[in-house]
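1. sharing a sequence plus its predicted fold:
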Amino acid sequence: MAELKDLVRQWLESGRVDLFLGYKEVAGHPLPYAFSRDNLEEVAELMVSPARYSLEKLAANILKARPGLRIGLLARDCTRRAVNVLTIYNQVEPGQVELLDLSCCPSRPQVSCSALTPPEVGEVKRALGLDNRLTPEQFEAIPAPERLGRWLYEFQKCLKCYGCRDICPVCFCRECSLEHGELVEPRDLPPEVPMFHWVRAVHMAGRCIDCGLCEEACPVDIPLRLLYRLTNRIVRELFGYDTGLTLTRPPFSVLGVGPAEPREAAGGKGR
Amino acid sequence: MYKLVPSICSYCGTGCGVLFEVLDHRILGTLPLKTHPVNEGRLCLKGWSLHEYVESDMRLTGPYLRINGRLHQVTWERAIGFAARRLTEIVDRYGPDSVGVLASAKISNEENYLLQKFARAVVGTNNVDHCARL
Ligand code: SF4
Ligand code: SF4
Ligand code: SF4
Ligand code: SF4
């Protein structure tokens, strides 16, 4: 932790970054906190929060208003994957964000993440829905005719809070299909089952970096992480594409029939 | 320049914890406070959209008075003076129970306390209800 603080101080003092987004305890809560040259003494209070916030999404929002800034991020593995996707989709430019890696999965230090400490699942959900802890393989062990019914049970609980989209580090579209009146009827609750969730699942192909923040934000515990894991397993099997691991563009960013040749993004930045 | 400000959702009485992304005194977005005991990192649609009304151009920032059928922005002094005068006239003419007070989930406990005190001690009625039951 001491080295981490020294590095952050160094980054700020040397001007390598203008802002550093990490965590600090504020009002009894571990909160994302912006450290800068103006508050260098506060770097002593930098902490690693078990509660995860999408620091990369906060950075992308800041950069939209202040494109000239350079922002450092305390980065978990999912942060790095998300920044790769944001770079591919031109939401951040290479060089605008710098990551200070905090090796995470499996957790070091402990973090609250559904991949490591999945939520408990009650009786009704086990009988009718899907256990959020299922891996894609365990999911496929469920007899095929039962699977759709279980998804439908999960989807009809949806409150249409849009939390899954709003918290998602890689959901940034100016016009979101989920708010498009002709795709999703504005007054329907739950939103059309299963269309609402399928639309989002399709958008997450080659885009979702499996951070699980959507699932953590879902007030009705829909196993969204599993849904997008299943989607991206297809992407991996058909196109050999691992979302977020590199700066290679996803196979869907090129029009045409069948699998496209992946293209290398300019200025690929490795680890 | 940039900070995250913890707060409480002002839309309903549940009181979910939120976090505002504030850049140069403007709210860019709202996030659920992940460690808040009430909502544990979740929000409803309203909570997620708090920044939209704070930053909305259509937000009322002062009192309005309907004069000759049209709304006019007036000073607080004039608005409160008008309300006080009309309330007194109504109470004098029809009695205290002709008035009802609707309290709100969007204001604090203390403000709600003052509101019922106003209804009971100043107006003289027990007609106090709450927006959550409308
Ligand atoms: S796991 Fe959820 S929040 Fe994370 S990238 Fe995928 S869809 Fe977005
Ligand atoms: S759900 Fe789809 S359209 Fe909406 S922001 Fe996410 S990727 Fe964009
Ligand atoms: S977070 Fe859950 S309840 Fe909210 S819109 Fe997404 S799936 Fe529906
Ligand atoms: S987020 Fe929704 S449930 Fe929570 S306090 Fe606000 S309005 Fe109420």
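-> Arrived safely, thanks for sending. Ligands and ions are numbered 1, 2, ... in the order given.

2. low-scoring stretches of chain B, by residue?
-> Within chain B, the ranges that satisfy pLDDT under 70 run B:134.

3. what about the residue of it most remote from its centre, which SS state?
-> Relative to the C-alpha centroid of chain B, counting by Cα atoms, centre = their mean, B:Arg93 is the outermost residue, at 29.2 Å. Following DSSP: H, G, I helix; E, B strand; the rest coil, we place B:Arg93 in the helix state.

4. what residue in the stretch 51-200 of chain A comes nearest to ligand 4?
-> A:Cys161 (8.2 Å; Cβ to the nearest ligand atom). Every residue, glycine included, has its C-beta placed from N, CA and C.

5. that residue and B:Asn39 touch, don't they?
-> No: taking contacts as Cβ atoms under 8 Å, A:Cys161 lies outside contact range of B:Asn39: 11.1 Å.

6. and B:Pro63, how far from ligand 3?
-> Distance of B:Pro63 to ligand 3, given as Cβ to the nearest ligand atom, to the nearest Å: 37 Å.

7. next, give phi and psi for that residue.
-> Phi and psi for B:Pro63, reported as degrees, to the nearest 10, are phi -80, psi 150.

8. quick one: contacts for it?
-> Contacts for B:Pro63 (Cβ atoms under 8 Å, 6 or more residues apart in numbering or on different chains) come out as B:73-76, B:78-80.

9. just the buried residues from these, in ChimeraX please.
-> Selecting the buried subset of these in ChimeraX, with 16 or more other Cβ atoms under 10 Å in any protein chain shown as the burial test, is done by:
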select /B:74
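
10. show me the contacts of B:Pro63 that map onto helices.
-> Counting by DSSP state H, these place B:76, B:78-80 in helices.

11. count of residues packed around residue 102?
-> Using chain A here. 18 (other Cβ atoms under 10 Å in any protein chain shown).

12. meant chain B, my bad for not saying
-> B:Leu102 has 13 nearby residues by other Cβ under 10 Å.

13. residues touching the residue nearest to A:Gly163 when sequence neighbours are not counted, list them.
-> Computed as Cβ to Cβ, 6 or more residues apart in numbering or on different chains, the closest residue to A:Gly163 that is not its neighbour in sequence is A:Ala217, at 4.1 Å. Going by Cβ under 8 Å, 6+ apart, A:Ala217 touches A:163-164, A:166-167, B:32, B:41-43.

14. same list (the ones in helices among the contacts of B:Pro63) but as CSV, adding distance to A:Pro136.
-> Shown next, in CSV, are the ones in helices among the contacts of B:Pro63 (distance: Cβ to Cβ, whole Å):
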residue, distance to A:Pro136
B:Trp76, 61
B:Arg78, 66
B:Ala79, 61
B:Ile80, 63
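
15. now do the contacts for the residue of the stretch 51-200 of chain A closest to ligand 4.
-> A:Cys161 neighbours (Cβ under 8 Å, 6+ apart): A:219, B:42-45, B:48.

16. and the strands in chain A?
-> Secondary structure of chain A (DSSP state E): strands at A:19-26, A:29-36, A:71-75, A:97-101.

17. who wins for proximity to chain B among those?
-> Distance to chain B, taken as Cβ to the nearest Cβ, is lowest for strand A:29-36 among those, at 4.6 Å.

18. what packs against that closest one?
-> helix A:2-13, strand A:19-26, strand B:2-8, strand B:17-23 (3 or more Cβ pairs under 8 Å, 6 or more residues apart in numbering or on different chains; DSSP states H and E).

19. A:Arg207 against A:Val170, yeah?
-> Yes: here A:Arg207 reaches A:Val170: they are 5.1 Å apart, a contact under Cβ under 8 Å.

20. who has more neighbours, these two?
-> A direct count of neighbours by other Cβ under 10 Å for A:Arg207 and A:Val170 places A:Val170 higher, at 26 against 23.

21. where do the helices sit along the chain?
-> Using chain A. Along chain A, counting by DSSP H, helices occupy A:2-13, A:55-65, A:77-88, A:123-128, A:136-140, A:144-155, A:163-167, A:195-203, A:213-217, A:224-239.

22. look at chain B instead
-> Ranges of helices within chain B are B:45-48, B:50-54, B:76-94, B:109-117, based on DSSP H.

23. tell me the most buried of the ones you listed?
-> Of all these, helix B:45-48 carries the top mean neighbour count, a mean of 19, counting by mean count of other Cβ atoms under 10 Å in any protein chain shown.

24. any part of that helix near ligand 2?
-> No: using Cβ under 6 Å from any ligand atom, we find that helix B:45-48 stays clear of ligand 2, coming within 13.3 Å at best.

25. what does the residue of the stretch 51-200 of chain A closest to ligand 4 show for phi and psi?
-> phi -80, psi -10.
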